[in-house]
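Peer 1: Sequence below, structure please.
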Amino acid sequence: MSVYTTACPRNCYSTCGMRVHVEDGEIRRIEPHAGNRATPEGVCLKGLSYVERVRSPDRVLTPLRRTPSGDFQPVDWDAALDLIAGELRRLRATTGPQGLLYYAGSGTKGLLNAAGLEFWRLYGGCTTTYGDLCWPAGLEATRLTLGDNRHSVPWDIARARLIVMWGKNAAETNIHQMPFIQEAREAGGRLVVIDPRRTESTDSADLWLRPRPGSDGALALALAGEIIRSNSIDETFVRDHVNGFEEFAALAGDCSLDWASEITEVPVSQILELAGWMGSVRPMSITAGYGMQRYTNSGQTIRAILALLAITGNFGRPGAGWVYANLQSHIFDEVRDPLACYPPEEPDGVVRVSVSTARLGRDILDQAAPPIRMAWVERGNPVTQNPDTKVVLEAFRALDFRVVVDQFLTDTAREADLVLPAKTMFEQTDVIGAYWHPYLQLRQKIVEPPGLVKPETEVYRLLAPRLGVDLSRLAGKIPGPSDADVESFLEARLAPFDGLSIERLKEGPALPPLHEEIAYATGRFSTPSGRIELVSDEAHERWGVDRLPCYTEPQESVRRAVGRPEYPLYLMTPNTKNRIHSQFGNLRMIRRVDPGPAVHVHPDDARPRGIEGKARVRVFNDRGEFRLPAKIDSGLKPGCISVTNGWWIQEGGTVNFCSPGRETDMGHGAAFHDTLVEIETA
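Peer 2: The predicted structure follows:
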């Protein structure tokens, strides 16, 4: 039996290091890699399910062409590539190359992902997306305030004496963080969880606050006001490292406890208690979830929360800081903050960056000169995961030709004219970073692809001569066909960095050059002033928001005078430990513990609607609907319903039929959670 070092490349905070046991060409066992200090407890249930995922009977192992009846028929690679090339030549000659939408999701990480866009440039161009479904409002708010996105090593939080888990359920979505938090608690630290839902994380909390969805900014400002009024700020830190404190203090001073309590529905006593802890307990870490920054006011919310750490001096010290996005391993990016936060400039005009990820369906339909006539989708399932599923479907079905690269027949793949089989993480070597811990890791090839599966890089190489693309122009952009070519390609990317090589990464995870264990320990911030900026001219100039992190209601809110009284319930669509969005849920191992979707409803909302447990209900608004069994849940905040995201249309639980195609206030994120609905018995 052979044992290989590798790492999980999914879009997940943990990015676990792994040791994989292989015998007779089959994966037999997966266990943790001790070299990754952030994930020593081992892989999660999803990670263990890779053994099934690789050899699932439902996996796509050959190109599949849609027949006139709507079924899929296997075809060989020559037929598939000839079909694609014919469609692409026709598109280039008629509509023009920018009539192709290249949609690349974040389903798997790796340096080789860049090959796609490089190929489409040489094809003549394409149209692609900007923004992101996941976290850009928080990224941009952090960049505006601190200058960049980094935080201390994950194990540093064990030294905190106050941990605020804000809009985050780490016990399910960042399970490796929980042992460090428990270590802090055993040493006398306190845990606060801010979440409208009762979760495994809230059950561990010393204090649990349940704000109304989208009102977190008001809570943060009231906490800041109370800390300032009680003279609990760190005056020395503020004097030396904070810009705009006086203006911010005036704003926060107007945000009384009663004002915040009325907006957030959190009792004054709880706000006062948390403010007292924040003002007196050092060091403090705030670890924030991504759901909280998926509202139309969420960038300003994150700026207000960051201010709590700034005025109490909780940066640059062990056990203190902001745990949101650690991009220290992103050493291959020219800028360590992803430029997807706003449309990058393309001076040659070859790549048209004009489709908002948040408004995917509507923007595809609205493109002109040229219109979008063809789509290529890889590493994503936008029909299920992007907002406003009904419009996304309308846009995809209006296209002339659709190619989807995937391991399974997802909702998006079922809309394709041609499905190409995608590799798994074990079938091609790549180098990956992370965004919670700082390690670079090797995603090592350990088995051969089954069936007719080819890596995406090889698909592009085979397409090139059919489209008249000079393969020599792909040198240094797409690796050659052999495993040795791939390793040489990656070695060249690692070469500029001392101590990094393929052989080194085969041993285990490696820290990048210039890595900081304690973020901002130098006291310098990469802002224009070199200080933390509570007032930001750039926030106003770039995004049109106030220079200060003022609170405004989300666009879709029960409190808005022009709100939607016919839809009185907030639809919460959290993540779950059993899937990564729309991945893994189709595997039998996962289905044993999570067989199907359900709508969680508080008894106070179920009773007047005549809804009983397990009754089938219709969740709807003027954008769409879905129907699921109800589950009565007294741990949910009244006025909210909850369905975990990622269920396929085939399973009946696609929550994005009801979500809006709407952007966050900054960063071009998706404001999924600005969603009001009604429910009734089906």
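Peer 1: Okay, now the unreliable bits of the stretch 301-450 of the chain?
Peer 2: 334-349 (pLDDT under 70).
Peer 1: In it, mark out all the strands, start to finish.
Peer 2: All strands of the stretch 301-450 of the chain, identified by DSSP state E, counting those that start in this stretch, fall at 321-323, 351-356, 374-378, 401-406, 418-421, 430-432, 441-443.
Peer 1: So for Ala464, which of those sits nearest?
Peer 2: strand 374-378 (14.4 Å; C-beta to C-beta). Where C-beta positions appear, they are placed from N, C-alpha and C, glycine not excepted.
Peer 1: residues making contact with that closest one?
Peer 2: The contact list for strand 374-378 (C-beta atoms under 8 Å, 6 or more residues apart in numbering) reads 87-88, 91, 99-105, 116, 120, 126, 364, 396, 399-406, 412, 416, 422, 456.
Peer 1: what does stretch 139-148 give?
Peer 2: Residues outside stretch 139-148 that contact it (C-beta under 8 Å, 6+ apart): 149, 293, 298-303, 306-307, 310, 315, 322, 324-325, 327, 336-338, 341-342, 520, 525-527, 532-534, 536, 538-539, 543, 666-667.
Peer 1: how near is the residue nearest the centre of the chain to Gly279?
Peer 2: Computing the C-alpha centroid of the chain and ranking residues by C-alpha atoms, centre = their mean puts Cys134 first, at 3.1 Å. As judged by C-beta to C-beta, to the nearest Å, Cys134 and Gly279 stand 32 Å apart.
Peer 1: circling back to that earlier point, turn the strands of the stretch 301-450 of the chain into a markdown table, including mean neighbour count.
Peer 2: Formatted as a markdown table, those follow (neighbours: other C-beta atoms under 10 Å):
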| stretch | mean neighbour count |
| --- | --- |
| strand 321-323 | 27 |
| strand 351-356 | 20 |
| strand 374-378 | 24 |
| strand 401-406 | 22 |
| strand 418-421 | 24 |
| strand 430-432 | 25 |
| strand 441-443 | 27 |
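Peer 1: of the ones you listed, which approaches His602 most closely?
Peer 2: Using C-beta to C-beta, those put strand 321-323 closest to His602, at 30.0 Å.
Peer 1: what comes into contact with that closest one?
Peer 2: 142, 146, 151-152, 154, 156-157, 285-288, 306, 309, 314-315, 436, 518-520.
Peer 1: let's go with 6 Å and repeat that
Peer 2: Contact with strand 321-323 is made by His151, Ser152, Ser285, Ile286, Thr287, Leu309, Phe315, Ala519, as judged by C-beta atoms under 6 Å, 6 or more residues apart in numbering.
Peer 1: wouldn't the first one be in contact with Tyr520 here?
Peer 2: No. The criterion here is C-beta atoms under 6 Å, and His151 misses it with Tyr520 at 8.9 Å.
Peer 1: How confident is the prediction for Ile611, by pLDDT?
Peer 2: Note for Ile611: predicted pLDDT of 95.
Peer 1: Distance of Arg198 relative to His602?
Peer 2: 11 Å.
Peer 1: Quick one: the helices in the stretch 501-650 of the chain, in order.
Peer 2: With DSSP state H, counting those that start in this stretch as the criterion, the stretch 501-650 of the chain has helices at 502-507, 537-543, 588-593, 603-606.
Peer 1: low-scoring pLDDT stretches of the stretch 501-650 of the chain, where are they?
Peer 2: Checking the stretch 501-650 of the chain against pLDDT under 70 turns up 561-564.
Peer 1: For the protein, which helix extends over the most residues?
Peer 2: In terms of residue count, the longest helix belonging to the chain (DSSP state H) is helix 77-93.
Peer 1: Which strands or helices does that helix pack on?
Peer 2: When contacts are defined as 3 or more C-beta pairs under 6 Å, 6 or more residues apart in numbering; DSSP states H and E, helix 77-93 packs onto helix 456-466.
Peer 1: same thing but at 10 Å, please
Peer 2: When contacts are defined as 3 or more C-beta pairs under 10 Å, 6 or more residues apart in numbering; DSSP states H and E, helix 77-93 packs onto strand 64-66, strand 100-104, helix 115-123, strand 374-378, strand 401-406, strand 418-421, helix 456-466.
Peer 1: Okay, domains of the chain per the record?
Peer 2: Listed domain ranges for the chain are 2-54, 64-131+342-432+449-506, 136-327+531-543, 569-681 (source: automatic domain parsing).
Peer 1: could those be laid out in TSV, adding distance to Pro554?
Peer 2: Converted to TSV, the domains of the chain look like this (distance: least, C-beta to C-beta, whole Å):
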stretch	distance to Pro554
domain 2-54	25
domain 64-131+342-432+449-506	14
domain 136-327+531-543	4
domain 569-681	5
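Peer 1: Tell me which of these sits most buried.
Peer 2: Among the domains of the chain, domain 136-327+531-543 has the highest mean neighbour count (mean count of other C-beta atoms under 10 Å), at a mean of 22.
Peer 1: tell me how far the ends of that domain are from each other?
Peer 2: Chord length of domain 136-327+531-543, first to last residue, is 13 Å (C-alpha to C-alpha, to the nearest Å).
Peer 1: can you check stretch 616-628 too?
Peer 2: End to end - C-alpha to C-alpha - stretch 616-628 spans 5 Å.
Peer 1: How about stretch 554-567?
Peer 2: Using C-alpha to C-alpha, the span of stretch 554-567 from its first residue to its last is 15 Å.
Peer 1: which residues do His151 and Tyr520 both contact?
Peer 2: Here His151 and Tyr520 have Phe315, Gly321, Trp322 as joint contacts, going by C-beta atoms under 10 Å, 6 or more residues apart in numbering.
Peer 1: what's the closest of those residues to Pro481?
Peer 2: Nearest to Pro481 among the shared contacts of His151 and Tyr520, with distances taken as C-beta to C-beta, is Trp322, at 44.0 Å.
Peer 1: circling back to that earlier point, can you flag which of the contacts of strand 321-323 belong to strands?
Peer 2: Residues of these located in strands (DSSP state E): Ser285, Ile286, Thr287.
Peer 1: Surely Trp208 and Asn169 touch.
Peer 2: No. Judged on C-beta atoms under 10 Å, Trp208 makes no contact with Asn169 at a distance of 11.8 Å.
Peer 1: what do those two both touch?
Peer 2: Residues within reach of Trp208 and of Asn169 at once, by C-beta under 10 Å, 6+ apart, are Val193, Asp195, Arg198, Thr199, Ser201, Thr202.
Peer 1: rewinding a little: turn the helices and strands packed on helix 77-93 into CSV, including distance to Met589.
Peer 2: Converted to CSV, those look like this (distance: least, C-beta to C-beta, whole Å):
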stretch, distance to Met589
strand 64-66, 24
strand 100-104, 28
helix 115-123, 30
strand 374-378, 25
strand 401-406, 19
strand 418-421, 21
helix 456-466, 26
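Peer 1: which residues in the stretch 451-600 of the chain form strands?
Peer 2: 532-533, 569-572, 599-601.
Peer 1: now stretch 249-266: mean pLDDT?
Peer 2: Mean pLDDT, stretch 249-266: 97.
Peer 1: Adjust the sequence numbering to begin at 607 for everything that follows.
Peer 2: Right, with 607 as the first residue, what we last looked at is stretch 855-872.
Peer 1: okay, it in CSV with CA atoms only?
Peer 2: Output in CSV follows, covering the C-alpha atoms of stretch 855-872 (Å, rounded to 0.1, in the frame of the first residue of the first chain):
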residue,chain,number,x,y,z
ALA,A,855,-17.3,58.1,18.1
ALA,A,856,-19.8,60.8,17.2
LEU,A,857,-21.7,58.3,15.0
ALA,A,858,-21.6,55.6,17.6
GLY,A,859,-22.6,58.0,20.3
ASP,A,860,-25.9,58.5,18.6
CYS,A,861,-26.6,54.8,18.5
SER,A,862,-28.2,54.1,21.8
LEU,A,863,-28.9,50.7,23.4
ASP,A,864,-32.6,51.3,23.1
TRP,A,865,-32.2,52.3,19.4
ALA,A,866,-30.3,49.1,18.7
SER,A,867,-32.6,46.9,20.7
GLU,A,868,-35.6,48.1,18.8
ILE,A,869,-33.9,47.5,15.4
THR,A,870,-32.2,44.2,16.2
GLU,A,871,-34.7,42.7,18.7
VAL,A,872,-31.8,41.9,21.0
